[in-house]
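# Build me a model:
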Amino acid sequence: MWGRFHKEWTGAGVSASRTTARRCLQDVGFSCRIPCVKPLLNNRRRQKCLAWAKDKKDWTAAEWSKVMFSDESKFCTSSGNQGPRVWRKRGEAQNAHCLRSSVKFPQSVMVWGAMSSAGVGPLCFLRSKVNAAVYQDVLEHFMFPAADQLNGDADFIFQQDLALAHSAKAISTWFKDHGIPVLNWPGNSPDLNPIENLWGIVKRKMRYARPNNAEELKATIRATWALITPEQCQL
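The predicted model follows:
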């Protein structure tokens, strides 16, 4: 931002150094920060998100409680593992007791999960790239148990994003054959899915965990996921 102001000042005949420009921005409340990351949305996608929000704005809590949200998320052995801070003196940055080890290519796992206002369902650790066949297996062996656990015999609406495996014709046919309604969903909009908050809870609580391999990582994820309460899932 300082560069834009510096250019404008120079064009207006004002002479100011980079340091002066930066100090002036700080004086009026600006600070240099890393930009937040958000999904890329073009105008068409924004309009679809807005239309979806307007369509759902009058839904009651009872209606939302029928929705079972789902998603996949990637976890790494070093995911969010910043570790504890260290107290050190000047010149001690490279001392052994002041260092935290890192792995160039940490082990990772991909996890599928589901939740509703009643709580969380069982996790599925995916062992291969998710295509339509793999996703159908997840639905049959994990989505159904999650539905029984969270909804019992009550009807529910299933939510999923528009990933290629999710929107495959075979999957659409599968849902129709099983009589499961699927919530219409705008593309590229994870911010609308409350399960993202649960992934965030798990990753924050795992910040100080130090799993050494994929199996320890899975065990840590399972244990942390099991601690999520229904109150945290209320919409």
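
# who touches the closest residue to residue 229 other than its chain neighbours in this structure?
Setting aside the residues directly before and after it, residue 229 is nearest to residue 119 in space (C-beta to C-beta, 6 or more residues apart in numbering), at 7.2 Å. C-beta here means a position set from N, CA and C on the backbone, and glycine is covered the same way. Residues in contact with residue 119, defined by C-beta atoms under 8 Å, 6 or more residues apart in numbering, are 149-150, 228-230, 233.

# Find the nearest non-adjacent residue to the residue positioned nearest the centre of the chain, please.
By C-alpha atoms, centre = their mean, the mean C-alpha position of the chain lies nearest to residue 196, the distance being 4.1 Å. Taking C-beta to C-beta, 6+ apart as the measure, residue 196 lies nearest to residue 190, with 5.3 Å between them; neighbours along the chain are not counted.

# And the one you found, how close does it get to residue 69?
Look at residue 190 and residue 69: by C-beta to C-beta, to the nearest Å, they are 11 Å apart.

# quick one, which of those two is more surrounded?
The neighbour count for residue 190 versus residue 69, taken as other C-beta atoms under 10 Å, is higher for residue 69 (25 against 13).

# so what's residue 136 closest to, chain neighbours aside?
residue 174 (5.7 Å).

# can you give me the strands in this structure?
Shown for the chain, the strands assigned by DSSP state E span residues 67-76, 108-116, 119-120, 124-126, 157-158.

# Mean pLDDT added to the ones you listed, as TSV?
Listed next are the strands of the chain as TSV, based on pLDDT from 0 to 100:
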stretch	mean pLDDT
strand 67-76	95
strand 108-116	95
strand 119-120	96
strand 124-126	96
strand 157-158	98
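
# In JSON lines: these, plus distance to residue 14.
Below are the strands of the chain laid out as JSON lines (distance: least, C-beta to C-beta, whole Å):
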{"stretch": "strand 67-76", "distance to residue 14": "48"}
{"stretch": "strand 108-116", "distance to residue 14": "51"}
{"stretch": "strand 119-120", "distance to residue 14": "58"}
{"stretch": "strand 124-126", "distance to residue 14": "58"}
{"stretch": "strand 157-158", "distance to residue 14": "59"}
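
# before we move on, back to that, between the contacts of residue 119, which is nearest residue 213?
Within the set of the contacts of residue 119, residue 228 lies nearest residue 213; the separation is 24.0 Å, counting by C-beta to C-beta.

# Can you report how many residues lie near that closest one?
18.

# which phi and psi does it have?
As for residue 228, its main-chain torsions (degrees, to the nearest 10) stand at phi -70, psi 130.

# which residue sits closest to it, ignoring its sequence neighbours?
Across the structure, with C-beta to C-beta, 6+ apart as the measure, the residue nearest residue 228 apart from its sequence neighbours is residue 120 (5.2 Å).

# Can you give me the distance of that neighbour to residue 90?
Residue 120 sits 47 Å away from residue 90, taking C-beta to C-beta as the criterion.

# more crowded one of the two?
Legend: neighbour count by other C-beta under 10 Å for residue 120 and residue 90, higher for residue 120 (23 against 5).

# Touching, that one and residue 225? I think so.
Yes: the pair residue 120 / residue 225 is scored as a contact, 6.1 Å apart, by C-beta atoms under 8 Å.
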